[in-house]
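Asker: Here is my input, please return the structure:
(chains A and B)
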2 protein chains.
Amino acid sequence: MRLIALDPNLTVSEPIAMMNVEDCLMIGVSPGDRIRIALEGTAVSSVMVSNSIERGVIWMPVSVMDKCSAKSGDEVEVSYSPQPESIRSIRKKINGGKLDKEEIDSIVCDVMAGGLSEKEIIAFVSSFNVNNSDLSEVAYLTRSMADTGAMVDFGVKPIFDFHSLGGVPGNKITPIVVSIVASEGLVIPKMSSRAVSSACGTSDYVDTFCDVEMDSGRLRSIVSKVGGVFACGNEDYAPVGSRFIKAERPMGIDPWPTMMASIMSKKIALGTTHLLMDIPMGPESKIPDMDAAKAFSDSMIDLGTILGIHVECAVSRADQPIGRAIGPVLEAVECIRALENRDPDPYVVDKACGLAGIILEMSGEKDGKARALEIFRSGKARKKFLEITEAQGGSGSLTSDSLSPGPFWKDVHAKRAGFVQAIDGANLVAIAKGAGAPADVGAGIYLFHRKGDRVEAGDALFRI
Amino acid sequence: MRLIALDPNLTVSEPIAMMNVEDCLMIGVSPGDRIRIALEGTAVSSVMVSNSIERGVIWMPVSVMDKCSAKSGDEVEVSYSPQPESIRSIRKKINGGKLDKEEIDSIVCDVMAGGLSEKEIIAFVSSFNVNNSDLSEVAYLTRSMADTGAMVDFGVKPIFDFHSLGGVPGNKITPIVVSIVASEGLVIPKMSSRAVSSACGTSDYVDTFCDVEMDSGRLRSIVSKVGGVFACGNEDYAPVGSRFIKAERPMGIDPWPTMMASIMSKKIALGTTHLLMDIPMGPESKIPDMDAAKAFSDSMIDLGTILGIHVECAVSRADQPIGRAIGPVLEAVECIRALENRDPDPYVVDKACGLAGIILEMSGEKDGKARALEIFRSGKARKKFLEITEAQGGSGSLTSDSLSPGPFWKDVHAKRAGFVQAIDGANLVAIAKGAGAPADVGAGIYLFHRKGDRVEAGDALFRI
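Answerer: Numbers count the residues shown, from 1 in each chain, chains lettered A, B, ... in the order given. Presented below is the predicted three-dimensional model:
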């Protein structure tokens, strides 16, 4: 049936279109059913039925118009769209069945094409939980997700990578780890992300001193030249992952099997052969305790085995921020100062060299952490850092003094003397975001003291 | 924020309301967020944002208006509605955790109150699957669901019941089983249902000769008087079950744990102490094979043990209709003719007396099936049937000749001779529905032959 598309100026969380009740009868759809809207492109949308909408028109938000390349006033072809075949596979999973490669491929393909509603994606993710999926299914999902995007072949093996589960603010170790590892001639194409709910993601602070957005061609050429990169992960690699996340986020769910597949699919896309997982453990992290850490590590290692990726896991405490700064410029400065060996926070050095050391040992070196520390202290890591920064369009003579935090600040002082017993990461993030981070790159919070420090009444505790 | 409610004349599958973008900003909601709309009653709805809607008004469909007792033009109070607490429990389940009584109660309570969206209900049902829930959780869910409705106390024990998983057309044995069991002085308050996707539910054909709709008071008084009833289950008992079904049906899912809880919650509401499960097994039924039948039976028996209900299971073949008639009046006639012993279909007698026999044995009788057959053949069952029918407002002198099928028919004849190899139940149901069943009570299909019968070319196979 041909209908005139009209824009009701509506912002919706999911594709939805509105039609007259008679028109709906003509094509045999009821409220909530799926319709296919086609012009040059094709959109699938659920339908709402109204008597107030005149016959012959279909109201749809701009997001749906865009999908079928239509604009207000265009005549579009509207038809009933049956449930996609992959719903059968989702039902099978809900009924406790085991899915094969074809079944998982069909689900991923329909998620990617927009053929499954958020409701259906949530049904899949909810049923595909730890007790109702096995690692061979997670491996199918991983490969299938990787297949939805670009695959980069750096033309060398091994390819190293590390991945932090996140949940700890102030994690500025990525450029340090990459620089140490790449100093040893190893290839480490590290993709990070921007803040989602945090005050500053790795890509947010790296963005203050060099480009993080790049296509796979530039990524490959930088890595070929300098061995490492600190780029921003984007929709080029396993893009279907963000569709899953879009459905999961409003419900605040992030179950292990889809999370693992999401992480690993991006590694598959980059040809990773050796992966170190950094697993911060703490009450606010995704991994609350040692039992969970052990279970998660075992699963990741086994999944890696199926996928042909050597995985090791390092569990760390997530009870306070890493270093002292939270916020893009503040974290960049702290990171670069550490590389310059200018009074670095011992925990930042320890964590970065610890992780880099494990990667060096995965490459066959002995006593990796000592070697990592040596590279760090000798200035070799800083040299490599500047090489990579320059390759990413930054300055090869960058120093920590090149960057300026915001011009306004306020210190908060201790009301009485004592020891710092605990630091509430969630509150620090809230304060840094309140100050404007990550959009205002100069904003953030800087801690003058860390857990266990003695403070006297009147001492500055932190600066906003 | 106070807004004027307007009716956009919209039919939707889920509560949804539309507001101006500025008004949304004022109360801090984004598209897809939940708002609370209050006047005398309270509705929770998700929100769509539009620039075309003027400030100060909120568009909402009649279903949402009704919920908050508002009508078009009324001023309603609109506010942001946070996710209900039970979402945490759903998340825990999705992450593979085990839920306790309080957590399951909170989910059921929020489903009942309309605080959880269909998306969230589907997430719960999908995660609460056989591999990710145990029977103690299913038992909590069962009791919690029963608590959402009326509880009937017949003042006696034991209370017998039987329940068929369905999936076989033409199942007209319920009044026969109830009549046999009640003839022995046992109490059997049997609740049936109307057709959902089939051509005729038990309540549809019973409705052709007596009342099936009754409140719990009338139910109790009929059962006290005559020992049995063939009533229609309604929203008085465990009404939350239909909310789950409403969310599940569009996706075509019906996972065991929620299905089991749904069945058992209605039994708990009636104080059932002894339950016989009739499990039709076949490619089109919910239980495809003997492995599934065994697993389901074991789960039901174990769940019964936790709930204090003695459960037995009888697995039967679901490869052809039970008896020859499909459609309300046709099934009623076949059922009553069987009770009158007028050339009954042997399979109908065998199945009804078999099930009744098991129930008699559950009550302590020996050789139940023989006793059931004796009651059936002696006319005692028919006498009890008429007593119950009269108690339900029907005629105490009802005969199978009292009911008339529709006046129009068409016979379909065999094109060549042979044996009836298979009967496709799904097609029979489609034909009976096409003829008008169950809404047109006289419509349906009648089989002149059953599986294994010899037919000659030109013989009538069935009548529509």
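Asker: Tell me where the model's unsure across chain A.
Answerer: A:167 (pLDDT under 70).
Asker: Spatially central residue in it, please.
Answerer: For chain A, A:Ser193 is the residue whose C-alpha lies nearest the centre (Cα atoms, centre = their mean; 5.0 Å).
Asker: Wasn't A:Ala43 part of a strand?
Answerer: Yes. Assessed by DSSP: H, G, I helix; E, B strand; the rest coil, A:Ala43 belongs to a strand.
Asker: For it, give its distance to chain B.
Answerer: 17 Å (Cβ to the nearest Cβ, to the nearest Å). Where C-beta positions appear, they are placed from N, C-alpha and C, glycine not excepted.
Asker: so how many other residues sit close to the residue nearest to that residue when sequence neighbours are not counted?
Answerer: Of all residues not flanking A:Ala43 in the chain, A:Lys67 sits nearest, at 3.6 Å (Cβ to Cβ, 6 or more residues apart in numbering or on different chains). Neighbours of A:Lys67 under the rule other Cβ atoms under 10 Å in any protein chain shown: 18.
Asker: From B:Ile263, how far out is A:Lys67?
Answerer: Shown here: A:Lys67 relative to B:Ile263, a distance of 42 Å by Cβ to Cβ, to the nearest Å.
Asker: Then A:Val212?
Answerer: Counting by Cβ to Cβ - A:Val212 and B:Ile263 are separated by 56 Å.
Asker: ditto for A:Arg143
Answerer: 40 Å.
Asker: on that earlier part again, for A:Val212 and B:Ile263, indicate the residue with more neighbours.
Answerer: Neighbours were tallied for A:Val212 and for B:Ile263 using other Cβ under 10 Å; the higher tally belongs to A:Val212 (25 against 18).
Asker: For that one, which residues are in contact?
Answerer: A:192, A:203, A:206, A:230-232, A:392 (Cβ atoms under 8 Å, 6 or more residues apart in numbering or on different chains).
Asker: Which one (most neighbours) among those residues?
Answerer: The contacts of A:Val212, ranked by neighbours (other Cβ under 10 Å): first place A:Val206, 29 neighbours.
Asker: Just to check, it is in contact with A:Ser192?
Answerer: Yes. Using Cβ atoms under 8 Å, A:Val206 is in contact with A:Ser192, at 7.0 Å.
Asker: overlap in contacts of those two?
Answerer: Common neighbours of A:Val206 and A:Ser192 (Cβ under 8 Å, 6+ apart) are A:174, A:212, A:230, A:232.
Asker: Which secondary structure element is home to the third one?
Answerer: Mapping A:Phe230 onto the secondary structure by DSSP states H and E places it in strand A:228-232.
Asker: what about dumping the CA coordinates of whichever strand or helix holds A:Leu303 to PDB?
Answerer: A:Leu303 is part of helix A:290-307 when elements are defined by DSSP H and E. C-alpha atoms of helix A:290-307 as PDB (Å, rounded to 0.1, in the frame of the first residue of the first chain):
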ATOM      1  CA  MET A 290      37.200 -13.000  44.000                       C
ATOM      2  CA  ASP A 291      34.800 -15.800  43.200                       C
ATOM      3  CA  ALA A 292      33.300 -13.800  40.400                       C
ATOM      4  CA  ALA A 293      36.800 -12.700  39.200                       C
ATOM      5  CA  LYS A 294      37.900 -16.400  39.100                       C
ATOM      6  CA  ALA A 295      34.700 -17.500  37.200                       C
ATOM      7  CA  PHE A 296      35.000 -14.600  34.700                       C
ATOM      8  CA  SER A 297      38.700 -15.200  34.100                       C
ATOM      9  CA  ASP A 298      38.200 -18.900  33.500                       C
ATOM     10  CA  SER A 299      35.400 -18.100  31.000                       C
ATOM     11  CA  MET A 300      37.500 -15.600  29.200                       C
ATOM     12  CA  ILE A 301      40.500 -17.800  29.000                       C
ATOM     13  CA  ASP A 302      38.400 -20.800  27.700                       C
ATOM     14  CA  LEU A 303      36.600 -18.500  25.200                       C
ATOM     15  CA  GLY A 304      40.000 -17.300  24.000                       C
ATOM     16  CA  THR A 305      41.000 -20.900  23.500                       C
ATOM     17  CA  ILE A 306      38.000 -21.600  21.300                       C
ATOM     18  CA  LEU A 307      38.700 -18.400  19.300                       C
END
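Asker: helices or strands next to the next helix or strand after it in the packing?
Answerer: As assigned by DSSP H and E, the chain's next helix or strand after helix A:290-307 is strand A:310-317. Here strand A:310-317 touches strand A:274-281, helix A:290-307, helix A:346-362, going by 3 or more Cβ pairs under 8 Å, 6 or more residues apart in numbering or on different chains; DSSP states H and E.
Asker: how about the residue nearest to A:Leu360 when sequence neighbours are not counted, what does it touch?
Answerer: Distance criterion Cβ to Cβ, 6+ apart; nearest residue to A:Leu360, sequence neighbours excluded, is A:Gly368 at 3.7 Å. Contacts for A:Gly368 (Cβ under 8 Å, 6+ apart) come out as A:356-361.
Asker: ok, the residue nearest to A:Ala43 touching A:Gly114?
Answerer: Yes. Checked against Cβ under 8 Å, the pair A:Lys67 and A:Gly114 is within contact range at 7.2 Å.
Asker: Quick check: neighbours shared by the two?
Answerer: Taking Cβ under 8 Å, 6+ apart as the criterion, A:Lys67 and A:Gly114 both touch A:15, A:43.
Asker: what about the helix or strand A:Met259 falls within, distance to the chain center?
Answerer: For A:Met259, the element it lies in under DSSP H and E is helix A:256-269. Distance of helix A:256-269 from the chain centroid (Cα atoms, centre = their mean, to the nearest Å) equals 10 Å.
Asker: Stretch A:91-102 now?
Answerer: Per Cα atoms, centre = their mean, the centroid offset for stretch A:91-102 relative to its chain is 27 Å.
Asker: Straight-line length of that stretch, end to end?
Answerer: 15 Å (Cα to Cα, to the nearest Å).
Asker: what does that stretch contact?
Answerer: Residues contacting stretch A:91-102 (Cβ under 8 Å, 6+ apart): A:89, A:103, A:107, A:123-124, A:127-128, A:132-134, A:137, A:140, A:144, B:125-126, B:129-131, B:251-253, B:255-256.
Asker: hmm, back to that, got JSON lines for the contacts of A:Val212, with distance to A:Ser13 too?
Answerer: Shown next, in JSON lines, are the contacts of A:Val212 (distance: Cβ to Cβ, whole Å):
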{"residue": "A:Ser192", "distance to A:Ser13": "27"}
{"residue": "A:Ser203", "distance to A:Ser13": "26"}
{"residue": "A:Val206", "distance to A:Ser13": "31"}
{"residue": "A:Phe230", "distance to A:Ser13": "33"}
{"residue": "A:Ala231", "distance to A:Ser13": "30"}
{"residue": "A:Cys232", "distance to A:Ser13": "25"}
{"residue": "A:Gln392", "distance to A:Ser13": "35"}
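Asker: and the gap between A:Gly241 and A:Val311?
Answerer: From A:Gly241 to A:Val311 the distance is 18 Å (Cβ to Cβ).
Asker: How about A:Leu461?
Answerer: 39 Å.
Asker: ok, now A:Asp319?
Answerer: Taking Cβ to Cβ, one finds A:Asp319 at 25 Å from A:Val311.
Asker: Please look at A:Glu54 and A:Met19 and confirm they touch.
Answerer: No. A:Glu54 is beyond contact range of A:Met19, at 10.2 Å (criterion: Cβ under 8 Å).
Asker: Write out the residues of the stretch 101-250 of chain A neighbouring chain B.
Answerer: By Cβ under 8 Å from any Cβ of the partner chain, the part of the stretch 101-250 of chain A that sits against chain B consists of A:118-120, A:122-127, A:129-132, A:250.
Asker: Mind doing that once more with 7 Å?
Answerer: A:118-120, A:122-123, A:126-127, A:129-132, A:250 (Cβ under 7 Å from any Cβ of the partner chain).
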